[in-house]
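Undergrad: After the sequence you'll find the predicted model.
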Amino acid sequence: MPISDEFENRLSPRLRDIAAHYGTPFHIYDETGIRQTGEELKEAFRSFGGFREYYAVKALPNPRILQIMQSMGFGFDCSSIAELQMSRRLGARGEDIMFTSTNTSKAEFDAAADGDGCVLNLDDISLIAKVAVMPELICFRYNPGPRRTGNDIIGNPVESKYGLAHEQLMDAYRTARDRGARRFGLHTMLVSNERDQAYMVETAQMLLELVEQISAELGISFEFINIGGGLGIPYEPGEEILDIRSMAAGIIEVFDKFRERNGYVPRLYMESGRYMTGPHGILVTSAINRKETYRTYIGVDACMSALMRPGMYGAYHHITVAGKQGGQETVDVVGSLCENNDKFAIQRPLPVVEDGDILLIHDTGAHAQAMGFNYNGKLRPKELLLRSDGTVELIRRAETLDDYFRTLEFEPDVMRTEP
Ligand SMILES: *Cc1c(COP(=O)(O)O)cnc(C)c1O
């Protein structure tokens, strides 16, 4: 999907200056757009009251972006020690943080319990025994297996590594209760990039039904349900936008019915990443080579290190060329990695691109830079923030070769082993 007209209008007149000042490639994020999306999300749930978004840090782990989330009252969903540390350095404490790890290690449990701790969201029943001190508040991640269908990116729930099986859930809460937990939450995350609002309403319904069953059997009550992230954005032109208001209205209705039956409702948590920031980022890259063989290749100065999604999932990212219109020729837009998946677009109609042209690769505000890697010794680019006051701020410098070689600086350590 072309980025919003507003972002385009904010960026276009400044683009050449920004590119000249900072040099390409870079991701640039739109503070105004991020705030608008956050405010719309809050507004959609305002009548419900007990709503909170926990921004999925892995989508765009940059402190300046997380500060914007904080200023809107959001918490953080973390799933690694680095994400916990980043959130805590910004002052997030205790219940501002959900820790939704998978295949959790001892080191991760220790980090989660540090300081004021966080909301622990356990991914398996076997982990209960591995929590050193059972916190007062505990949450489990539920996997409904054959009861629900997933979608392409995250896969079929039966094959998914996440969460507890249906049959384990009751035991898990009973054990946690017996080990001292007093406050409870229930979490699931079944889809990724899902634009069908009905699916999220069904998920809320499913969790609330489980809450009723578990409460009735164990005599515990639930403080919250967390319906996960996974809200979709339109990457391709013409794709429909997720109707957040109608989704919220549907969810609120499900909660109202729960209230009628039970006399109370749990809070509602969500942990969106992509929906919050995806459309508010652009990878800006320059054309550096044009190659004509069996196809026409436009070589740019960014590569998979800045954006893996096309190579990894065959994902579509819209591309425009600054100052040019139309689709006069069909090209592959490629990076410099010695890996044939390193293509931002395959057989895409674009205006005729010449060396020096600036290409805008859209929707890189989530799971883009963060997913980048150093294969082939390729470095990740810098990140910029287009602030609401019109100024531009460097919010992460580009990786350097010194960064790359740093892991080769260490004390020699050679051992002799006897067979
Ligand atoms: C990745 C992830 C998210 C965010 O997913 P989006 O598709 O970006 O909304 C949320 N919660 C958990 C547990 C995740 O692993």
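TA: Noted; the coordinates are in hand. Numbering: from 1, shown residues only.
Undergrad: what bridges to the residue in the stretch 1-150 of the chain positioned nearest to the ligand?
TA: Residue of the stretch 1-150 of the chain nearest the ligand, by CB to the nearest ligand atom: A56 (3.3 Å). Bear in mind the C-beta positions are built from the backbone N, C-alpha and C, glycine included. Beta-bridge pairing for A56 (DSSP bridges): D77.
Undergrad: Look at Q36 and give its secondary structure.
TA: helix (DSSP: H, G, I helix; E, B strand; the rest coil).
Undergrad: can you give me the strands for the stretch 201-350 of the chain?
TA: Per DSSP state E, counting those that start in this stretch, the stretch 201-350 of the chain carries strands over the ranges 222-226, 267-270, 281-292, 296-300, 319-321, 329-334, 343-350.
Undergrad: what does the chain put close to the ligand?
TA: 56, 58-59, 77, 79, 100, 189, 192-193, 228-231, 271-275, 366 (CB under 6 Å from any ligand atom).
Undergrad: Go again with 5 Å.
TA: A56, A59, T100, M189, S192, G229, G230, E271, S272, G273, R274 (CB under 5 Å from any ligand atom).
Undergrad: burial of the fifth one, as a residue count?
TA: By the other CB atoms under 10 Å criterion, the neighbourhood of S192 contains 20 residues.
Undergrad: How confident was the prediction at it?
TA: Listed pLDDT for S192 reads 91.
Undergrad: One more: the fourth one?
TA: According to the predicted model, the pLDDT of M189 comes to 93.
Undergrad: and the gap between it and L231?
TA: Relative to L231, M189 is positioned 11 Å away (CB to CB, to the nearest Å).
Undergrad: And for the third one?
TA: T100 sits 16 Å away from L231, going by CB to CB.
Undergrad: quick one on the thing from earlier: please convert the residues of the chain next to the ligand to JSON lines, extending it with distance to E236.
TA: Putting these into JSON lines (distance: CB to CB, whole Å) gives the following:
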{"residue": "A56", "distance to E236": "23"}
{"residue": "A59", "distance to E236": "20"}
{"residue": "T100", "distance to E236": "29"}
{"residue": "M189", "distance to E236": "24"}
{"residue": "S192", "distance to E236": "16"}
{"residue": "G229", "distance to E236": "20"}
{"residue": "G230", "distance to E236": "18"}
{"residue": "E271", "distance to E236": "25"}
{"residue": "S272", "distance to E236": "20"}
{"residue": "G273", "distance to E236": "20"}
{"residue": "R274", "distance to E236": "15"}
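Undergrad: Not including adjacent chain positions, what is the nearest residue to V211?
TA: Setting aside the residues directly before and after it, V211 is nearest to F222 in space (CB to CB, 6 or more residues apart in numbering), at 4.7 Å.
Undergrad: Would you agree that neighbour is in contact with P266?
TA: Yes. Between F222 and P266 there is a contact under CB atoms under 8 Å: 4.5 Å.
Undergrad: Name the residues contacting each of the two.
TA: Listed as contacting both F222 and P266 by CB atoms under 8 Å, 6 or more residues apart in numbering are G185, V211.
Undergrad: I'd like to know how many residues surround the nearest residue to L60 once chain neighbours are set aside.
TA: Excluding its sequence neighbours, the residue lying closest to L60 (CB to CB, 6+ apart) is T277, at 4.9 Å. Neighbours of T277 under the rule other CB under 10 Å: 30.
Undergrad: again, but for Y275
TA: Residues near Y275, counting by other CB under 10 Å: 26.
Undergrad: so it touches P234, yeah?
TA: No. Judged on CB under 8 Å, Y275 makes no contact with P234 at a distance of 11.1 Å.
Undergrad: residues contacting the residue nearest to V211?
TA: Residues near F222 by CB under 8 Å, 6+ apart: F184, G185, L186, V211, I214, S215, P266.
Undergrad: Which of those fall within helices?
TA: Among those, DSSP state H puts V211, I214, S215 in helices.
Undergrad: element containing E108, please.
TA: helix 106-113 (DSSP states H and E).
Undergrad: which residues sit against that helix?
TA: 80-81, 84-85, 99, 101, 118, 120, 130-133, 135.
Undergrad: mind listing the helices for this structure?
TA: According to DSSP H, the helices that the chain contains are 5-22, 31-44, 63-71, 81-89, 106-113, 166-178, 197-218, 244-262, 274-277, 309-313, 401-405.
Undergrad: Right, I'll call it a day here.
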